[in-house]
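1. take a look and give me a structure for this.
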Amino acid sequence: MSIKNEDVVSALKKYPLIFTCALISAVTIAAIVYRRDELPVAAAALEEKTSQSERLKLNLVNSAQLAEQRDALIAANAAVAKRLIKASELAKNQQYFYRLEAETGTKYKDLKQLPPTPTTKGGGNAYVAVPYLIVVEGGYSQLLSFMRRLESGGPFCHVSSANLARESSEITNQLLVLTLNLELLGQP
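-> As a prediction, this is how the structure comes out:
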């Protein structure tokens with residue numbers, strides 16, 4: 001059974017709607033099969049563009065206060081820099097402790113600056129911990145005043161250990177000895 005061109009043309013003329021629908025269906029099926037592999041790629045591209053759009057939208061919203069936030073960070077960094085000591089300035093660093101001694105009425109038995117160690121917090125070496133070994137004597141209220149001034153003083157201070165003992169075994173002697181291991185935050 002052979003189909004002739006004349007038969008196809010006459011059937012096309014007789015049923016044009018059926019052939020048009022069949023042709024549209026065949027083209028649609030071919031497009032679906034052809035583009036089926038592109039759908040996940042297009043979905044991933046859409047997701048990426050959406051996340052990038054959200055990030056840009058947040059950047060635009062947050063950029064309104066960017067200048068003020070930058071100024072606040074600069075001011076905060078300047079305030080921190082004022083409180084840092086320089087590890088190499090031994091005399092200037094010890095002068096801070098001598099001022100504390102004079103202000104509180106205590107007396108140093110020992111004051112040693114130990115070699116600085118780089119801090120590892122924060123990922124960089126912008127700061128160093130400058131350790132000190134301090135042995136100071138005085139009355140209870142003097143030592144308490146000394147500790148308060150040390151904690152609220154200029155440089156950032158971290159007391160790693162403290163030991164409080166009586167100067168002698170005499171009951172009449174009210175002097176106490178405070179031994180401190182502490183670190184001041186500084187620049188290399």
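
2. does anything pack onto the helix or strand where residue 137 lies? Which helices or strands?
-> Residue 137 belongs to strand 128-138 when assigned by DSSP states H and E. Packing contacts for strand 128-138, counted by 3 or more CB pairs under 8 Å, 6 or more residues apart in numbering; DSSP states H and E, involve helix 90-104, strand 107-113, strand 117-118, helix 140-152, strand 176-187. For the C-beta atoms, the positions are set from N, CA and C on the backbone; glycine is no exception.

3. list the buried residues for the first one?
-> For helix 90-104, burial by neighbour count (16 or more other CB atoms under 10 Å) applies to 93, 97, 100, 101, 104.

4. if we can go back for a sec, which residues are contacting the strand holding residue 137?
-> Contacts with strand 128-138, where a contact means CB atoms under 8 Å, 6 or more residues apart in numbering, come from 85, 87, 93, 97, 101, 104-119, 143, 146, 158, 160, 167, 175-188.

5. tabulate the helices and strands packed on strand 128-138 (CSV), appending distance to residue 81 and mean pLDDT.
-> Listed next are the helices and strands packed on strand 128-138 as CSV, based on distance: least, CB to CB, whole Å; pLDDT from 0 to 100:
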stretch, distance to residue 81, mean pLDDT
helix 90-104, 15, 89
strand 107-113, 20, 91
strand 117-118, 17, 73
helix 140-152, 18, 91
strand 176-187, 8, 90
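
6. need the ones you listed in a markdown table with distance to residue 14, can you?
-> A markdown table is the format used below for the helices and strands packed on strand 128-138 (distance: least, CB to CB, whole Å):
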| stretch | distance to residue 14 |
| --- | --- |
| helix 90-104 | 106 |
| strand 107-113 | 108 |
| strand 117-118 | 93 |
| helix 140-152 | 102 |
| strand 176-187 | 95 |
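
7. quick one: which of these is nearest residue 26?
-> Ranking the helices and strands packed on strand 128-138 by proximity to residue 26 (CB to CB) places strand 117-118 first, at 73.7 Å.

8. I'd like to know which elements the closest one is packed against.
-> By 3+ CB pairs under 8 Å, 6+ apart, strand 117-118 packs against strand 128-138.

9. mind listing what's buried along the strand holding residue 137?
-> In strand 128-138, counting by 16+ other CB under 10 Å, buried: 128, 129, 130, 131, 132, 134, 136, 137, 138.

10. for that strand, output the C-alpha coordinates as PDB.
-> C-alpha atoms of strand 128-138 as PDB (Å, rounded to 0.1, in the frame of the first residue of the first chain):
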ATOM      1  CA  VAL A 128      51.100  41.600  70.800                       C
ATOM      2  CA  ALA A 129      50.600  40.700  74.500                       C
ATOM      3  CA  VAL A 130      53.200  42.300  76.600                       C
ATOM      4  CA  PRO A 131      53.500  40.200  79.800                       C
ATOM      5  CA  TYR A 132      54.500  41.600  83.100                       C
ATOM      6  CA  LEU A 133      55.400  40.100  86.500                       C
ATOM      7  CA  ILE A 134      54.600  42.500  89.200                       C
ATOM      8  CA  VAL A 135      55.000  42.100  93.000                       C
ATOM      9  CA  VAL A 136      53.500  45.000  94.900                       C
ATOM     10  CA  GLU A 137      53.000  45.600  98.600                       C
ATOM     11  CA  GLY A 138      50.600  47.800 100.500                       C
END
